[in-house]
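Asks: structure of the sequence below:
(one chain, ligands or ions: 2)
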Amino acid sequence: MPREPATAPMTTGVDLEVLEEIQRRVLWLATRIVDVANHERETGDGVKVGGHQASSASLVTAMTALWFAHLERGDRVAVKPHASPVFHAIEYLLGHLDRSYLTTLRAFGGLQSYPSRTKDPDRLYVDFSTGSVGLGAAAPLFAAAVRRYVDAHFGPRPRSRFVSLLGDAELDEGNVWEAINDPALQGLGNVLWIVDFNRQSLDRVVPGVRIAQFTAQFEAAGWHVVEAKYGERLTAQFAKPHGEALRRWIDAMPNEHYQSLFAFSGQELRKRFLDGAGDDVEASIADVPDGELAGLIQDLAGHDLASMLAAYAACDAVTDRPSIIFAYTVKGFGLPIAGNPRNHSALLSSDQIAAFRQELGLTPATEWDRLDPASPAGRWAEERSRALTREPASTTLPIEIPARIDERPARKPISTQEAFGRLLTELSRRPDVAPYLVTTAPDVATSTNLAGFINRMGVFAPDNLPDWMEPDSLLRWQQSPTGQHVELGISEMNLFLLLGQLGLAGDLHGQPLLPVGTVYDPFVCRGLDAFIYGTYSASRFIVAGTPSGVTLAPEGGAHQSTITAGIGVQLPGVTFMEPAYAVALDWLLCDALARIANGEGGASAYFRLTTRPLDQAPFEAARQRIGDEALRRQVLDGGYRLIDGSELAAAGAPVVHLVASGAVLPEVLTAAGELSEEGVAVNVVDVTSLDRLYAGWQQELRDSVSQAKGRFGPSTLRSLFTPRAPIVTVHDAASHTMAWLGSALGVPAVPLGVDAYGQSGTVRDLYQIHGLGPGAIVNAALAALAL
Ligand SMILES: Cc1ncc(C[n+]2csc(CCOP(=O)(O)OP(=O)(O)O)c2C)c(N)n1
Ligand SMILES: [Mg+2]
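Replies: Ligands and ions are numbered 1, 2, ... in the order given. Next comes the predicted model:
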């Protein structure tokens, strides 16, 4: 049963016949865009080009109705990855894409296979990148939450609706359910999800009839659900004698049975359709001639423009919660491959393309034309183009981020996690910067030291909520529309999806923000796909992974991260940093915020932090030796010499470098002391950003190759190390992460790190069993010198 029968279509100003004509042209262009990429482009590499004609056709009606009769300029839409040809066909018909691109699907510099915010030629109109199913689908929900936040803090802006067009199999992805269940994402009345309910995924027809389960799940999560199931013809048939039996029969029919009928027509179709049905069902279609039976049985609302517009209007009318439309569609609608279970990657033959072209009255000379501007369809497209044309948004914040936040000298031992919390609290006192800061955490705000910030800035809630805590409690949890911390449930996937959207607030809402998230470092992996999604979308945010490594000793192996440093170094679009000392963290954090404020692409930052308090004196000593500004520069560039062994080296002592990041530095310093006593000249290099060192080295290599110099120019890496001296790398992370330094420097290297799962114990115990203690470091150094 449809949840809400189609009401009168919202046809104000829209002629359904004109829309029908536009729909046919959109289907043609989307199909031909894929066809030409596969059949008329010589790639020379034997790799198939691909593209999805059937998945595209499935959404042609929903998308034509949206762009040509529903969307407004401020609306933001995520398009199902495999419908990108439909999107580009529409943008072309609206005049937002040059004709020359229509033959470039999946070509270098051309239309990307899936909608891309950063690479598509019509990217001004791509609001959300999609491709990894489920993530793009959920993104508009998070964007709507960000809009709610932005409106509450900076004043309401013109209305936007946040629309997601998703494949039905995208609902298999857990992140979708994590998203709809989070309390921070409730009540967003400007959200509309449109599920392309074609009952097919990549491999198969999806088994069973799951619609009742889906609708119940969304309703339980507080959503308004519409089933756009049957088109006008079937609806009319249901109204006839025995119509109810017919409806019940189709409703209960397994997807596999229904889908198998698409291959048949006439007598054979009738026989197969009625297989197992009672006399009343047979009677219900007795009046339908064989020639019309296929059209009737395939008459789904997802291909009925009036039904879709009615569904959109019904959702618009509901403003207190998100809406979802299950639009029943046919994968491959309107094409010879319609409904075929194996049609996901199927391509029309050239003969089939020629027949389709002819059917539309087009010729090879006119096939790429826009709609005739003199025709009603052409005039309508022009009107819609005017309604939807956009200007690029500004993504910079006109504020000055200081070079350092906390000028007080650090006397006591302090952990980087505690320092991070203090720095954010200090920042919240700065009237120029504070308004733009927004923090978020997946139920770990207090255990990652955000309490100070939250006490000062409050927790965001769309409405004022009572604070049930005692007024003198250490943590105030004041929830109101002015709060600047967004608290999430435990889902790390949601954390990164939200951070990704907060970091696009300038692009999508005209108000850049300074987003900061915290997460236990091991669970970065739990949200990794969304982390990648955010950085792939060129979002800009700061995330602190804390605490990290086996230094989290008593917590045990399940909470001890090892591969996250490698992830941080390797992920594009984010700079990985692991400072050990508070002042270094301060400089790096300010620099990261400044890059975000400047709207720099790829300016996200990942800080890997610890709860181990470290004595700050060694850093202060280095500061005295190197000087404040020079040291700051080195820290920002990725590393500095915490201990300089030049004097002993000048006296002829053998030189070794101990290279380390973060929590392990006390052990490294102890080892350095022991080695010096043995007459070894030790340089201790504190790597503040392995990522920057690596990027600098790579840049240097590329420059030297392209300029054919044969010798490298100076880089941070080279200025930190004495030529030919062996190195020992020490890291509370997989030993592999720093191992490349040996080859970069062309010297013997012994990488120490954590290459097995940890367990509970003290820091000393854990460092001992993983070979990070001073003794192991000294032995490694002696071994390196002997290599
Ligand atoms: C995370 C992820 N896993 C797998 C894929 C490969 N894949 C692409 S489309 C698809 C099936 C999609 O089915 P559906 O969402 O129903 O879209 P349809 O093509 O039926 O419209 C799969 C498994 C992907 N793109 N992303
Ligand atoms: Mg599907």
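Asks: quick one: residues contacting the residue nearest the centre of the chain.
Replies: Nearest residue to the geometric centre of the chain (C-alpha atoms, centre = their mean): Y533, 2.5 Å. With contacts taken as C-beta atoms under 8 Å, 6 or more residues apart in numbering, Y533 has the following neighbours: S129, S132, L135, G136, A139, F496, L497, G500. From N, CA and C alone the C-beta is placed, and that goes for glycine too.
Asks: do the same with E629
Replies: Applying C-beta under 8 Å, 6+ apart, no residues qualify as near E629.
Asks: equivalent analysis for A216, please.
Replies: So A216 contacts nothing (C-beta under 8 Å, 6+ apart).
Asks: average pLDDT across stretch 162-182?
Replies: Stretch 162-182 shows an average pLDDT of 98 in the prediction.
Asks: hmm, that stretch touching ligand 2?
Replies: Yes. Legend: contact between stretch 162-182 and ligand 2 by C-beta under 5 Å from the ion is shown at G167, D168, A169.
Asks: show me how to select, in PyMOL, the buried members of those residues.
Replies: A single PyMOL command selects the buried members of the residues of stretch 162-182 next to ligand 2 (16 or more other C-beta atoms under 10 Å):
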select buried, resi 167+168+169
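Asks: re the thing from before, the contacts of Y533: which ones sit near ligand 1?
Replies: Filtering these for proximity to ligand 1 (criterion: C-beta under 6 Å from any ligand atom) leaves S132.
Asks: confirm the residue nearest to the centre of the chain sits in a helix?
Replies: Yes. Counting by DSSP: H, G, I helix; E, B strand; the rest coil, Y533 is found in a helix.
Asks: among the residues of stretch 162-182 next to ligand 2, which ones are in strands?
Replies: Taking DSSP state E as the definition of strands, the residues of stretch 162-182 next to ligand 2 contribute G167.
Asks: intersect the residues of stretch 162-182 next to ligand 2 with the contacts of ligand 1.
Replies: Of those, the ones that also sit near ligand 1 (C-beta under 6 Å from any ligand atom) are G167, D168, A169.
Asks: do you know how far the second one is from F607?
Replies: Between D168 and F607 the distance is 39 Å, computed by C-beta to C-beta, to the nearest Å.
Asks: same deal with H770?
Replies: 22 Å.
Asks: more neighbours, these two?
Replies: F607 (27 against 22; other C-beta atoms under 10 Å).
Asks: the nearest residue to the more buried one once chain neighbours are set aside - how many residues pack around it?
Replies: Residue nearest to F607 in three dimensions, not counting chain neighbours: A544, with 4.5 Å by C-beta to C-beta, 6 or more residues apart in numbering. For A544, the count of nearby residues is 29 (other C-beta under 10 Å).
Asks: shouldn't A544 be within a strand?
Replies: Yes. A544: assigned to a strand according to three-state DSSP.
Asks: right, and it touches G421 too?
Replies: No. In this structure A544 lies outside contact range of G421 using C-beta atoms under 8 Å: 9.3 Å.
Asks: shared neighbours, these two?
Replies: Taking C-beta under 8 Å, 6+ apart as the contact rule, A544 and G421 both touch T448.
Asks: just the element for the residue in the stretch 501-650 of the chain that ligand 1 sits nearest to, please.
Replies: Nearest residue of the stretch 501-650 of the chain to ligand 1, counting by C-beta to the nearest ligand atom: D529, 7.4 Å away. D529 is part of helix 528-536 when elements are defined by DSSP states H and E.
Asks: quick check: the residue lying closest to G696 once chain neighbours are set aside vs A54, distance?
Replies: Once flanking residues are discounted, G696 sits nearest to S715: 4.6 Å by C-beta to C-beta, 6+ apart. Distance of S715 to A54, computed by C-beta to C-beta: 51 Å.
Asks: quick one: which of those two has more around it?
Replies: A54 (27 against 20).
Asks: which strand or helix spans that one?
Replies: A54 is located in helix 53-69, with elements delineated by DSSP H and E.
Asks: quick one: is that helix near ligand 1?
Replies: Yes. Using C-beta under 6 Å from any ligand atom, helix 53-69 reaches ligand 1 at S55, S58.
Asks: can you name every helix or strand that that helix contacts?
Replies: Judged by 3 or more C-beta pairs under 8 Å, 6 or more residues apart in numbering; DSSP states H and E, helix 53-69 is in contact with helix 16-39, helix 84-93, strand 162-167, strand 191-197, helix 305-316, helix 376-388.
Asks: what comes up buried for that helix?
Replies: Here helix 53-69 shows 53-69 as buried, counting by 16+ other C-beta under 10 Å.
Asks: does that helix reach ligand 2?
Replies: No. Helix 53-69 lies out of reach of ligand 2 by C-beta under 5 Å from the ion, never closer than 6.9 Å.
Asks: quick check on whichever residue of the stretch 301-450 of the chain sits closest to ligand 1: phi, psi?
Replies: Proximity of the stretch 301-450 of the chain to ligand 1 (C-beta to the nearest ligand atom) peaks at K331, 5.2 Å away. Backbone geometry at K331, expressed as degrees, to the nearest 10, gives phi -70, psi 120.
Asks: now for the spatially closest residue to it that is not a sequence neighbour: which residues touch it?
Replies: Among residues not flanking K331 along the chain, N198 sits closest, at 4.0 Å (C-beta to C-beta, 6+ apart). Counting by C-beta under 8 Å, 6+ apart, N198 makes contact with S58, G167, D168, G302, Y328, T329, V330, K331.
Asks: which ones are touching whatever residue of the chain ends up closest to ligand 1?
Replies: As assessed by C-beta to the nearest ligand atom, ligand 1 sits closest to G167 within the chain, at 2.0 Å. Counting by C-beta under 8 Å, 6+ apart, G167 makes contact with S55, K80, H82, V133, V195, D196, N198, S201.
Asks: ok, those vs Q267, which is closest?
Replies: Among the contacts of G167, N198 lies closest to Q267 (C-beta to C-beta), at 26.3 Å.
Asks: isn't M577 right up against A605?
Replies: Yes. The criterion here is C-beta under 8 Å, and M577 meets it with A605 at 6.4 Å.
Asks: between the two, which one's more packed in?
Replies: The neighbour comparison of M577 against A605 (other C-beta under 10 Å) goes to M577, with 31 against 24.
Asks: against I353, how distant is that one?
Replies: In terms of C-beta to C-beta, M577 sits 53 Å off from I353.
Asks: how about N38?
Replies: Taking C-beta to C-beta, one finds N38 at 11 Å from I353.
Asks: between the two, who's got more neighbours?
Replies: I353 (21 against 17).
Asks: find the nearest non-adjacent residue to the residue located most distally from the centre of the chain, please.
Replies: What lies farthest from the middle of the chain is A651; by C-alpha atoms, centre = their mean that is 54.7 Å. Nearest non-adjacent residue to A651, counting by C-beta to C-beta, 6+ apart: A681, 7.9 Å away.
Asks: mind listing what the one you found touches?
Replies: A681 touches G645, S646, E647, L648, A649, A651, A653, P654, V655, V656, counting by C-beta under 8 Å, 6+ apart.
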